[in-house]
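K.L.:
Have a look at this prediction, sequence included:
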Amino acid sequence: MAKKCIGNLKLRIPGGRATAGPPVGSTLGQWGLNMMDFINPFNEATKDYHGKDVIVHIKVYDDRSFDWVCLGRPVDDLIREKIGIEKGSGKPNTEKVGKITQAQIREIAEIKQDQLNAIDIEGACKVVAGSARSMGVEVVD
C-alpha cells in the first residue's frame with residue numbers, strides 16, 4: 001500500500017547553506033521530521049548555487065518520511081540577475097525598473113522550461129516575459 005502524503009512544503013532556501021535554524025528547522029520541526037536527513041543531502045546537491053536562493057518542494061508522508069525535489073532558482077531571481085537590478089517595481093504598470101531583451105528571456109526560459117506551465121519554448125518565453133512585466137521590467141525586441 002502506498003504511503004499517505006500528509007503535507008506538501010515549498011521552501012526557498014540559499015543553495016548549499018541550509019541549517020537547522022529558520023526557515024528549514026522550524027518548518028521541518030513542525031512536521032516531526034529529522035532535519036539532518038534533509039539538510040546534508042540538500043547542501044550537497046545545491047553546493048553549485050553558492051548561497052543563491054533555490055526552490056525546494058518537500059512531500060511529507062504519514063510515517064514521518066519525506067521526499068524532496070530541488071526546482072532550481074526562481075524566475076524572478078534569474079530576471080533580476082540577468083538585467084542587473086536589485087528588486088522589481090512596486091508599481092509595475094507605471095514605474096519601470098529596467099529592460100530585458102527577447103534573447104535574455106529565451107535564455108531564462110531554456111533554463112526553466114521543464115518547470116514552467118508551457119508546452120514548448122515559445123510558451124515558456126511568454127511565461128517568463130509575463131513575470132518580467134509583473135516586476136516592472138519592460139520587454140524589448
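P.N.:
Great, that's in hand.

K.L.:
who touches Leu28 in this structure?
P.N.:
Leu28 makes contacts with Leu9, Asn34, Met35, Phe38, Ile58, as judged by Cβ atoms under 8 Å, 6 or more residues apart in numbering. Backbone N, C-alpha and C define where each C-beta goes, glycine included.

K.L.:
Tell me the predicted confidence for it.
P.N.:
On pLDDT, Leu28 comes in at 93.

K.L.:
now the helices: where do they sit in this structure?
P.N.:
Secondary structure of the chain by DSSP state H: the helices cover 24-30, 35-45, 75-83, 102-112, 121-134.

K.L.:
and the last one, what does it pack onto?
P.N.:
Under the contact definition 3 or more Cβ pairs under 8 Å, 6 or more residues apart in numbering; DSSP states H and E, helix 121-134 sits against helix 75-83, helix 102-112, strand 137-140.

K.L.:
can we see that at 10 Å?
P.N.:
Applying 3 or more Cβ pairs under 10 Å, 6 or more residues apart in numbering; DSSP states H and E, we find helix 121-134 packed against helix 75-83, strand 98-101, helix 102-112, strand 137-140.

K.L.:
can you redo these as a markdown table with mean pLDDT and distance to Val69?
P.N.:
Shown next, in a markdown table, are the helices and strands packed on helix 121-134 (pLDDT from 0 to 100; distance: least, Cβ to Cβ, whole Å):
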| stretch | mean pLDDT | distance to Val69 |
| --- | --- | --- |
| helix 75-83 | 96 | 17 |
| strand 98-101 | 96 | 28 |
| helix 102-112 | 96 | 14 |
| strand 137-140 | 95 | 28 |
